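Asks: sequence and predicted structure are below.
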Amino acid sequence: MSKKHFYPTAITPVPDGMTRPLWSVMIPTFNCANYLRQTLASVLAQDPGAEVMQIEVIDDGSTQDDPATVVEELGQGRVGFYRQKANVGYIRNFATCLQRSRGKLIHLLHGDDYVRDGFYRKLQQAFEQKPEIGAAFCRSLYIDEQGHWQSISLLELPESGILSNWLEQIAAGQRLTTPSIVVRRDVYEKLGGFNPCFSCAGEDWEMWVRIAAHYPVWFEVEPLAAYRVKRSGSLTGNSAATGELVRDMRIATEIIESYLSAYLPKRHAQELLNKARKEYARWAIEIARQMLIVGNLSRAIAQIQEAFKCNSSLRIICSVIKFFLLEGGRCSWRYLRKGMPSRQKKT
């Protein structure tokens, strides 16, 4: 694996003498101003004041809308706004968010997600009760483009508290969303920010595993964050079809493997990562099925190739064979029939 995979973005400390609020709510945006209103409203409804909370929107050069107008309208001078001089990509925009933050606790809140009442109060209590934790997260609601609830994330504990064996759980696969988690700024300063080797996904999972390897993590049982799933035109939605999504998740397992053995027995670490790889291989096969249904054979094959790179076990091989025999056969026959002339009765 290329050495570039091992260099997360450095986050430097806040300069001496600069005012330090408790909270920094940093909101990265790119062409999502129609959702930004709900995002900002959810934060401002819980605003403890400028001395306690920094709120800032960081725009990655939006071309389809004007987030500055939304910030001015809703923020009324309370919300800061910074626009990149050119589109730098979402991970570099995340890095700008982290570097511009001044608070002791950082909440990176996507511009199309939102928080529910009590988010900041409950998670602040977690850090006050257990100052040794590096991060705290709550359950998430998964919502669609219209904001309708679709599902809810796992209940990791019956009661709020520090998670035991969290490293083993999170290393086995992504299971939390970025808007649900708050991280101490000095943790980012020590461990670095998100790794820029990713193109569309995986950077968050790798980050949460990295934190879990070094710090205890708190879980809040209440669902206080809402994550919008694969909106039209989103980076994740577009990249899923091309194979980049599964590729990034595979790269994440490689990076995690490079340091996980320092904290877990090698065999156990391999078992956990193999579980994750099998899951991502299944993702690829499912996306391949969707591509084949719409007649995009090249993208279906690209997904299958990623599935084998993730996991080449006999079970995955059998799944692929079954996939092409059943789904491939059905789709091929359907498209073949479209081009066949209608049969006429002999006279």
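Replies: Yep, it's here. Numbers count the residues shown, from 1 in each chain.
Asks: which residues in this structure form strands?
Replies: Using DSSP state E, the strands found in the chain span residues 23-29, 53-59, 80-83, 105-108, 114-115, 135-143, 149-152, 161-162, 181-184, 217-228.
Asks: which residues sit against the first one?
Replies: So that's strand 23-29. 36, 39-40, 43, 48, 52-60, 62, 67, 90, 93-94, 97-98, 100-111, 120, 124, 185 (CB atoms under 8 Å, 6 or more residues apart in numbering). Just so you know, the C-beta spots here come from the backbone N, C-alpha and C atoms, and that holds for glycine as well.
Asks: generate a PyMOL selection restricted to the buried entries among those residues.
Replies: Remark: buried members of these, expressed as a PyMOL selection using 16 or more other CB atoms under 10 Å:
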select buried, resi 36+39+40+43+53+54+55+56+57+58+59+60+62+67+90+93+94+97+98+101+102+103+105+106+107+108+109+110+111+120+124+185
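Asks: once you drop chain neighbours, what's closest to the spatially most central residue of the chain?
Replies: Note on the chain: the residue nearest the mean C-alpha position is D204, at 5.0 Å, using CA atoms, centre = their mean. What sits nearest to D204 in space, not counting adjacent residues and going by CB to CB, 6 or more residues apart in numbering, is T178, at 5.1 Å.
Asks: what is the neighbour count of that neighbour?
Replies: When neighbours are counted by other CB atoms under 10 Å, T178 registers 22.
Asks: next one: the one 10 residues further on
Replies: In terms of burial, Y188 registers 27 neighbours under the definition other CB under 10 Å.
Asks: same check, this time on A136
Replies: 27.
Asks: isn't it right next to Q129, touching?
Replies: No - counting by CB atoms under 8 Å, A136 does not reach Q129; the two are 9.8 Å apart.
Asks: related to what we said a few turns ago, surely the residue nearest to D204 touches H107?
Replies: No - T178 is beyond contact range of H107, at 9.4 Å (criterion: CB under 8 Å).
Asks: wait, P158 sits on V221?
Replies: Yes - the criterion here is CB under 8 Å, and P158 meets it with V221 at 7.4 Å.
Asks: have a look at these two and say which one is more surrounded.
Replies: Higher neighbour count among P158 and V221: V221, with 15 against 7, using other CB under 10 Å.
Asks: shouldn't that one be in contact with R139?
Replies: Yes - the criterion here is CB under 8 Å, and V221 meets it with R139 at 6.5 Å.
Asks: show the average pLDDT along stretch 199-210.
Replies: Averaged across stretch 199-210, pLDDT comes to 94.
Asks: let me fix that: stretch 33-53
Replies: 97.
Asks: run through who's touching that stretch.
Replies: With CB under 8 Å, 6+ apart as the contact definition, stretch 33-53 has outside contacts at 21-25, 27, 29, 55, 57, 62, 65-67, 69-71, 74-75, 78-79, 103, 109-121, 147, 228, 231.
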